[in-house]
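> Here is my input; please provide its structure:
(one chain, ligands or ions: 1)
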Amino acid sequence: MHIDRLERYWIIAVGVVFGIFAAAIIASVVVFGVHLPSPVGRIDPAKIAESEFAHPGLTQDSDHAYTLHLVAKMWRFDVGSKEPQPTIKLPVGSKLTIIATSLDVTHGFYIEQHDVNMMLLPGQISEVVVTFNKPGVYHIICHEYCGPGHQAMVASIEIS
Ligand code: CUA
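Numbers count the residues shown, from 1 in each chain. From the prediction side, this is the model:
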């Protein structure tokens, strides 16, 4: 079969570009540990009171490591305080593991200026680890429409 010279060059160029893309995907998984977000567990929302989410809130694991259990519900992030829009205070350099679920409907979970963007689904446990290296106040925002109180569903993380 005859392939024109220019056409052959283009076939080779496409093959090389495809190879670079494939190598980038493999490297991101193998070298940089990038994985698709997936739930770390399942939970029956009716039995949250008997689960690890019975008493949501912050626990300190070691010097700069903390774990936050959080339950999203219409229309607030429950971290164990009575405030409708709670603030979590942590020192600079804190590594926070967030373990979260939803009690009722699909909620969003987004932390300003950090690489955290999850959906919280009833029946599903989501987990993310984030390190706060800069002082400031970072809002946690529900960015998934969840009903008439959606716009008030905000919490804050204060790093000092
Ligand atoms: Cu919860 Cu919007």
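> for this structure, which spans come out with low pLDDT?
Scanning the chain for pLDDT under 70 picks out nothing.
> So which residues on it come close to the ligand?
72, 75, 107-108, 142, 144-146, 150, 153 (CB under 6 Å from any ligand atom). Backbone N, C-alpha and C define where each C-beta goes, glycine included.
> Let's see that with 5 Å instead.
107, 142, 146, 150, 153 (CB under 5 Å from any ligand atom).
> So the closest residue to the second one other than its chain neighbours versus His143, what's the distance?
The shortest distance from Cys142 to any residue that is not its chain neighbour, by CB to CB, 6 or more residues apart in numbering, is 3.7 Å, and that residue is Met153. With distances defined as CB to CB, to the nearest Å, the gap from Met153 to His143 amounts to 9 Å.
> Counting neighbours, go ahead and name the busier of these two.
Taking other CB atoms under 10 Å, Met153 and His143 do not tie; Met153 has more neighbours (24 against 15).
> Contacts for stretch 71-84, please.
48, 53, 55-58, 68-70, 85-86, 88, 100-105, 107, 109, 120, 140, 142, 146-150, 152-155 (CB atoms under 8 Å, 6 or more residues apart in numbering).
> what about the spatially closest residue to Lys134 that is not a sequence neighbour, how many residues close to it?
Closest residue to Lys134 apart from its sequence neighbours, by CB to CB, 6+ apart: Ile159 at 6.8 Å. For Ile159, the count of nearby residues is 18 (other CB under 10 Å).
> Kindly report the same for His55.
Using other CB under 10 Å, the number of residues around His55 comes to 9.
> check contacts around it.
With contact taken as CB under 8 Å, 6+ apart, His55 is in contact with 69, 80.
> if I've got this straight, it is in a helix?
No - His55 is assigned coil when assessed by DSSP: H, G, I helix; E, B strand; the rest coil, not a helix.
> Now the buried members of the contacts of stretch 71-84.
For those, a burial check counting by 16 or more other CB atoms under 10 Å picks out 48, 53, 56, 58, 68-70, 86, 88, 100-103, 105, 107, 109, 120, 140, 142, 146, 150, 153, 155.
> Among the residues you listed, which lie within helices?
Among the buried ones among the contacts of stretch 71-84, DSSP state H puts none in helices.
> before we move on, what SS does His114 have?
Classification of His114 by three-state DSSP places it in coil.
> any idea what sits nearest it, other than its immediate chain neighbours?
Leaving aside its chain neighbours, His114 sits nearest to Val130 (5.3 Å; criterion: CB to CB, 6+ apart).
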